[in-house]
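Participant: would you be able to build a 3D model of this:
(chains A and B)
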Amino acid sequence: DAKTTQPPSMDCAEGRAANLPCNHSTISGNEYVYWYRQIHSQGPQYIIHGLKNNETNEMASLIITEDRKSSTLILPHATLRDTAVYYCIVQTGANNLFFGTGTRLTVIP
Amino acid sequence: DGGITQSPKYLFRKEGQNVTLSCEQNLNHDAMYWYRQDPGQGLRLIYYSQIVNDFQKGDIAEGYSVSREKKESFPLTVTSAQKNPTAFYLCASSASRIEKLFFGSGTQLSVL
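Facilitator: Got it, this is the predicted structure:
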């Protein structure tokens, strides 16, 4: 599975959009981009995933560049409860998913 | 409610002791996984199972053992051979190996 690169930390003002970037320059054609988040001392929670097209659900939007080498997770109106570590991973049928250290998002009141 | 349950939430191990962490799911998922997380670090795969009675080693399987006798259960044993067992252990399941993962709430293991 391709590895990903994320900034270690970001801040976002409450009510504003949080844009979390992820680089996955070695992604292959059949690998999906998945996003999870982990609130302290809990298990990670699935947020969204995509292959080529942009995706939106009730939690977030995922923007994938045309060359698929990077993506951005967008939380449209960040709340204090969105403070967490966000993991971007790429996944293809393999089982060894590389979670890395993710991005620690802090939403500021 | 469907979900994945880990127990206990906190566990203490004495030197030379084996301990078993429980993971049960009622999501009817075929695939189950065990991850280890150290403070400030990402998740590392210990073992995974794609089907009953079959399991594979992950990156850091040494000092651990698993069984998959039932679809809904995937217990992890931390043996005395694991010299640095203090960590947060996470169990996950998925409908198949390409589907999203559902995680339990974790077990914090500490050494006395």
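Participant: could you use CA atoms for every contact and neighbour count after this?
Facilitator: Will do.
Participant: near the closest residue in space to residue A:40 that isn't next to it in sequence, how many other residues are there?
Facilitator: Leaving out its chain neighbours, the residue that sits closest to residue A:40 by CA to CA, 6 or more residues apart in numbering or on different chains is residue A:84, at 6.9 Å. When neighbours are counted by other CA atoms under 10 Å in any protein chain shown, residue A:84 registers 19.
Participant: residue A:84 bridge partners, please.
Facilitator: residue A:105 (DSSP bridges).
Participant: got the contact list for it?
Facilitator: A:37, A:38, A:39, A:40, A:104, A:105, A:106 (CA atoms under 8 Å, 6 or more residues apart in numbering or on different chains).
Participant: any of those residues buried? List them.
Facilitator: The neighbour count (16 or more other CA atoms under 10 Å in any protein chain shown) marks A:37, A:38, A:104, A:105, A:106 as buried among these.
Participant: switch those residues over to a markdown table; also include pLDDT and distance to residue B:20.
Facilitator: Formatted as a markdown table, those follow (pLDDT from 0 to 100; distance: CA to CA, whole Å):
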| residue | pLDDT | distance to residue B:20 |
| --- | --- | --- |
| A:37 | 97 | 27 |
| A:38 | 95 | 24 |
| A:104 | 96 | 31 |
| A:105 | 98 | 34 |
| A:106 | 98 | 35 |
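Participant: in a markdown table: these, plus distance to residue A:50.
Facilitator: As requested, those are exported to a markdown table (distance: CA to CA, whole Å):
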| residue | distance to residue A:50 |
| --- | --- |
| A:37 | 16 |
| A:38 | 19 |
| A:104 | 22 |
| A:105 | 21 |
| A:106 | 25 |
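Participant: just the closest of those to residue A:20, please.
Facilitator: Taking CA to CA as the measure, residue A:20 lies nearest residue A:105 of those, at 8.4 Å.
Participant: now render the contacts of residue A:84 as TSV, adding distance to residue B:56.
Facilitator: Conversion of the contacts of residue A:84 to TSV gives the following (distance: CA to CA, whole Å):
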residue	distance to residue B:56
A:37	26
A:38	25
A:39	28
A:40	29
A:104	31
A:105	34
A:106	37
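Participant: stretch A:56-74: which residues count as buried?
Facilitator: So stretch A:56-74, judged by 16+ other CA under 10 Å, has buried residues A:56, A:60, A:61, A:62, A:63, A:64, A:68, A:70, A:71, A:72, A:73, A:74.
Participant: alright, calling it a day.
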